[in-house]
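Only the shape, not the letters, is given here:
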């Protein structure tokens, strides 16, 4: 089962789910997301086995990207968007404003209510 509890999952999976065309190798991810390389390698293997990430070899590099054929991709993407995307970041920062009870954002494609 894939969860977003760990910082590695939040950073790496969140990034790939919100940037579906992205492709990165292990050292690039470890540096970009400031995560331990050993733990990252274990998580990448777990996610590849689960089918959410796809890996391809380019010379001696292993490049990872989101598996666009993963059966739960859209559900995972929605979770990532609400948790780590703009919507999640806005909610996180708006909670810090004292006295704010409700705020309505009108977005052309959908309505977001913060309460």
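Looks like it arrived, so ask away. Keep in mind the model is a prediction, meaning the values are calculated, not measured.

that's a strand at residue 10, yeah?
No: using DSSP: H, G, I helix; E, B strand; the rest coil, the assignment for residue 10 is helix, not a strand.

show me where this structure has helices.
Taking DSSP state H, the helices of the chain run over residues 7-8, 14-18, 26-33, 37-50, 73-84, 86-94.

what about stretch 24-43, how long is it end to end?
14 Å (C-alpha to C-alpha, to the nearest Å).

Check stretch 7-27 too.
End-to-end distance (C-alpha to C-alpha), stretch 7-27: 17 Å.

got the buried residues for that stretch?
8-17, 24, 26 (16 or more other C-beta atoms under 10 Å). (C-beta placed from N, C-alpha, C; glycine too.)

now do stretch 53-62
53-55.

Just put those residues in CSV and tack on pLDDT.
As requested, the buried residues of stretch 53-62 are arranged in CSV below (pLDDT from 0 to 100):
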residue, pLDDT
53, 94
54, 95
55, 96
